[in-house]
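[1] just a sequence and a predicted model for now, questions to come.
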There are 2 protein chains.
Amino acid sequence: MIDTQPQPSASNRDKVLATALELFTRKGYFNTSMRDITRESGVSTGSIYHYFRDKEGVAAALYQSLIERMRGEFDAIMARHDSAHDQCRAVVALLFRIAEEEPAEMSFMLYVKHKEFLPEERPVCSSEPFEQMRTMVRRGMERGEIEQRDVLVASTCLFGGAIRLITSSLDGIVEQPLQHYLDDIWKCSWRAVAAS
Amino acid sequence: MIDTQPQPSASNRDKVLATALELFTRKGYFNTSMRDITRESGVSTGSIYHYFRDKEGVAAALYQSLIERMRGEFDAIMARHDSAHDQCRAVVALLFRIAEEEPAEMSFMLYVKHKEFLPEERPVCSSEPFEQMRTMVRRGMERGEIEQRDVLVASTCLFGGAIRLITSSLDGIVEQPLQHYLDDIWKCSWRAVAAS
DNA sequence: TTGACTAGAACGAGCGTTCGATCTATTTTG
DNA sequence: CAAAATAGATCGAACGCTCGTTCTAGTCAA
């Protein structure tokens, strides 16, 4: 009987989350007031505080749901592909796609300084999705696909270019859609770490 | 007769800038109040507003001086080395050194979301120092050192790994001092873009 | 004496949050 | 089964506090 609906009356709660995501990424967390969220979402102050402890609680819920979503996507990628090469490439392709289709989500996940308003949270790059990326690289080394070296260095080199291109794109300094660069940047990135 | 001192009575002005840099990077711009700066710097509110138009003005002065400093350092590097390889490697080494020795400076330059409190400013990655980095890469292509491709892609790949390692280090998830990784990460990064 | 500099109290605006009222749907009771 | 009770959800006015900034008065070197 439980769980027929994901949340009881999830509608308003979701409206708040969607509005907060949009405002937090567009204007920044501190430049967004609870009144802004009230106005844009059409949900009253009282209702917001019914669903969330405080403003930080809104951001935390947003952050958690995005991390969890990525965790799921990365799990699927790891199940779908065997080689580290294919897994890592799929990760980059996925990140590019999300950055194009849902820039706010990508922005909040990758680009926002969570530490400033979520002091409890660990930094993104030590979150589980980033752990998964390092795991893929570690497996690649064990399988002989990737040259042996410090896993952090290899992961950073393999994904660093792509991630920086995404943040550049979110900054609006990239002319073409990200997809356009995918093959090229993957070729570079893989060559950086591939076993000779 | 001008410029015997960089600023008239630079002492208090500099105290404010140094304190602001420390607080902005440690707690974030919005979590730092003018009272915090007053207290930590020992300079009164009136004095701060004598030197700076407003809080944003403090951040802008900080940002400008850091950008200018990098511009100078990169100019020196370009003058000192001929090959793109040596220039770019020197840039990475410099960035690592600054990140180690002056983490607050590096943090404010590379990691802080200026857009949220300096809406006039262009994003860092379209600032002059980043332009200079792309110029080095472009020259490398002309000289045949670096494989021909989109300059943005090549720059991103060449410097992306190092820059991400720096931000990881600022997040505290890197165990060794950055210098320890320099040779390794440069080897990867250069291999990613070098002409075959 | 002047003008750059310092000082810190005071101000008004805007913030995050609280609170009591009201509405709605579900459950309990006689 | 109807009525009463309960709990969940919604609302927005109001509160208290902190913030960035202003202002007036005072200091001191030239």
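    Thanks, I have the structure now.
[2] CA only for contacts and neighbour counts going forward, please
    OK.
[3] show me the helices in chain A, by range?
    For chain A, the helices defined by DSSP state H occupy A:10-27, A:34-41, A:45-51, A:55-80, A:84-101, A:103-110, A:128-142, A:151-170, A:182-193.
[4] now do the fifth one against helix A:103-110, angle only.
    Right, helix A:84-101. Counting by axes from the mean of the first three to the mean of the last three CA atoms, to 10 degrees, helix A:84-101 lies at 130 degrees to helix A:103-110.
[5] closest one to B:K115 among the helices of chain A?
    helix A:10-27 (8.8 Å; CA to CA).
[6] now do the buried residues in the closest one.
    A:12-13, A:15-25 (16 or more other CA atoms under 10 Å in any protein chain shown).
[7] residue numbers of chain A in contact with DNA strand C?
    A:30-35, A:45-46, A:49, A:53-56 (CA under 7 Å from any atom of the strand).
[8] export those residues to CSV and append columns for pLDDT and distance to chain B.
    As requested, the residues of chain A next to DNA strand C are exported to CSV (pLDDT from 0 to 100; distance: CA to the nearest CA, whole Å):
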residue, pLDDT, distance to chain B
A:F30, 98, 7
A:N31, 98, 8
A:T32, 98, 11
A:S33, 98, 13
A:M34, 98, 16
A:R35, 98, 18
A:T45, 98, 23
A:G46, 97, 26
A:Y49, 98, 22
A:R53, 98, 20
A:D54, 98, 17
A:K55, 98, 15
A:E56, 98, 13
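[9] now the residues you listed: which count as buried?
    Buried among the residues of chain A next to DNA strand C (16+ other CA under 10 Å): A:T32, A:M34, A:K55.
[10] which of those sits closest to B:G140?
    Taking those together and measuring to B:G140 by CA to CA, the closest member is A:T32, at 44.2 Å.
[11] which residues touch the closest one?
    Applying CA atoms under 8 Å, 6 or more residues apart in numbering or on different chains, we find A:T32 in contact with A:L23, A:F24.
[12] could you list which of the buried residues of helix A:10-27 also contact DNA strand D?
    Among those, proximity to DNA strand D is found for A:N12, A:R13 (CA under 7 Å from any atom of the strand).
[13] one step back: and of the helices of chain A, who's closest to B:F96?
    The nearest among those, by CA to CA, is helix A:151-170 at 13.8 Å.
[14] can you list the residues of chain A next to DNA strand C in JSON lines and add distance to DNA strand D?
    Below are the residues of chain A next to DNA strand C laid out as JSON lines (distance: CA to the nearest atom of the strand, whole Å):
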{"residue": "A:F30", "distance to DNA strand D": "11"}
{"residue": "A:N31", "distance to DNA strand D": "12"}
{"residue": "A:T32", "distance to DNA strand D": "14"}
{"residue": "A:S33", "distance to DNA strand D": "12"}
{"residue": "A:M34", "distance to DNA strand D": "10"}
{"residue": "A:R35", "distance to DNA strand D": "9"}
{"residue": "A:T45", "distance to DNA strand D": "4"}
{"residue": "A:G46", "distance to DNA strand D": "3"}
{"residue": "A:Y49", "distance to DNA strand D": "7"}
{"residue": "A:R53", "distance to DNA strand D": "12"}
{"residue": "A:D54", "distance to DNA strand D": "12"}
{"residue": "A:K55", "distance to DNA strand D": "13"}
{"residue": "A:E56", "distance to DNA strand D": "16"}
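[15] if we look at chain B, which of the buried residues of helix A:10-27 are close to it?
    Subset of the buried residues of helix A:10-27 in contact with chain B: empty, counting by CA under 8 Å from any CA of the partner chain.
[16] which of the buried residues of helix A:10-27 sit farthest apart?
    A:N12 and A:T25 (20.0 Å).
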